[in-house]
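# fold the following for me, if possible:
(one chain, ligands or ions: 1)
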Amino acid sequence: MKKINAFKHFYSSKRASMNIRRVFTLIELLVVIAIIAILAAILLPALNSARERGRSASCINNMKQLGLKAQMYTDDNDNRWLPWRQGPRGDYTYWFPKNQYFAGPYLGFTTNENGCYKPGSVVDCPTNIAEVDTGYFGNRPTWWDYGLASYVTLYTTPAAVKQHSKWMLVFEGKADTEKFRGYADASGDTMGIQKYLNRTVHSQGTNLSFLDGHVEWLPCKTQDEYLIIESRYWYTAREP
Ligand SMILES: [Zn+2]
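Residues are numbered from 1 along each chain as shown. This is a model prediction of the structure:
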């Protein structure tokens, strides 16, 4: 009898302990889920910003290549800028893909029959996604994310500019009302910035390539069109 009671006691206490174990397992599971949720909430923004830094680095690399190729053009063409629109002999040679007069050979690529580029090329910023173009190229995507500061290349010469490290050459484009990007307004006023420069594409700032070939990220500190570029020259052909 004693033996049976002892067995019953052992068995019931084992069941009790098993029940307790099951309850603990559930709690443990909930705790683990809660910890994972907290860690995910903490880590995801950091991961996203790291990913964006990677995209921005790839964009800076694109802009450096474009700047270097523009310098090659200048060296090969009697010290003239890579044309935004008009070539050294007054012919129409476009910086952006428009037709056979495109300055593509200097930029290291050619267009296909539709004038389109595939994502991943040197004119494709991973963050600054080009919209479907309904302007010059009809209803098709161009993946042409950068613009050339047309005012500089149309109205100055390399010899006339003193501070090459302060003049913008290539910038991050924004589709204008015609959903066309690839240049800045040649009228050269602040409207050019409002219309064509994507000021907040990379972490509330934008990458800019300068005439001396260096590229830097500048923050969009205010809505003031002048302050965003600090002491850099954008709209005027005159140096102070
Ligand atoms: Zn970019």
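# shaky segments in the protein?
1-24, 85-94, 96-105, 108-120, 130-144, 151, 175-195, 221-240 (pLDDT under 70).
# show me which residues of it are close to the ion?
59, 125, 128, 172 (CB under 5 Å from the ion). C-betas here are computed from N, CA, C, even on glycine.
# enumerate every residue touching the third one.
The contact partners of residue 128, by CB atoms under 8 Å, 6 or more residues apart in numbering, come to 59, 145, 172-173, 198, 201.
# one more pass at 6 Å, please.
Residues near residue 128 by CB atoms under 6 Å, 6 or more residues apart in numbering: 145, 172, 198, 201.
# and stretch 197-213, which residues are buried?
For stretch 197-213, the neighbour count (16 or more other CB atoms under 10 Å) marks 197-199, 201-202, 205-211, 213 as buried.
# ok, now stretch 159-177?
By 16+ other CB under 10 Å, the buried positions in stretch 159-177 come out as 161, 166-175.
# make CSV out of the contacts of residue 128 and add distance to residue 77 and secondary structure.
Below are the contacts of residue 128 laid out as CSV (distance: CB to CB, whole Å; DSSP: H, G, I helix; E, B strand; the rest coil):
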residue, distance to residue 77, secondary structure
145, 25, coil
172, 26, strand
198, 29, coil
201, 31, coil
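# all strands of this protein, in order?
Assignment of strands within the chain using DSSP state E yields the ranges 132-133, 140-141, 146-148, 168-172, 205-210, 215-219.
# can you list the strands that the longest one pairs with?
Put plainly, it is strand 205-210. Applying DSSP bridges to the sheet, strand 205-210 is found paired with strand 168-172 (antiparallel), strand 215-219 (antiparallel).
# mind saving the C-alpha coords of it as CSV?
Only the C-alpha atoms of strand 205-210 are listed here, as CSV (Å, rounded to 0.1, in the frame of the first residue of the first chain):
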residue,chain,number,x,y,z
GLY,A,205,20.7,65.5,-48.4
THR,A,206,22.1,65.1,-51.9
ASN,A,207,25.3,64.1,-53.7
LEU,A,208,27.0,66.7,-55.9
SER,A,209,29.9,66.4,-58.3
PHE,A,210,32.1,69.5,-58.8
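# that older thread, out of the buried residues of stretch 159-177, flag the one nearest to the ion.
If you rank the buried residues of stretch 159-177 by distance to the ion using CB to the ion, residue 172 comes first, at 4.9 Å.
# wait, what's in contact with that closest one?
Here residue 172 is in contact with 128, 198, 201, 206-207 (CB under 6 Å, 6+ apart).
# specify the beta-bridge partners of it.
Counting by DSSP bridges, residue 172 is bridged to residue 146.
# from the contacts of residue 172, pick the one nearest residue 74.
Distance to residue 74 across these (CB to CB) is lowest for residue 207, with 21.1 Å.
# check contacts around the closest one.
Residues near residue 207 by CB under 6 Å, 6+ apart: 59-60, 63, 172, 215, 217.
# mind redoing it with 8 Å?
56, 59-60, 63, 172, 201, 215-218.
# in the sheet, who's paired with it?
Here residue 207 sits in beta bridges with residue 217, going by DSSP bridges.
# wait, residue 69 sits on residue 76?
No - taking CB atoms under 8 Å as the definition, residue 69 is not a contact partner of residue 76, at 10.6 Å.
# more neighbours: these two, which one.
residue 69 (20 against 11; other CB atoms under 10 Å).
# next one: that one from residue 29, what distance?
Distance, residue 69 to residue 29, using CB to CB, to the nearest Å: 58 Å.
# this completes my enquiry, with thanks.
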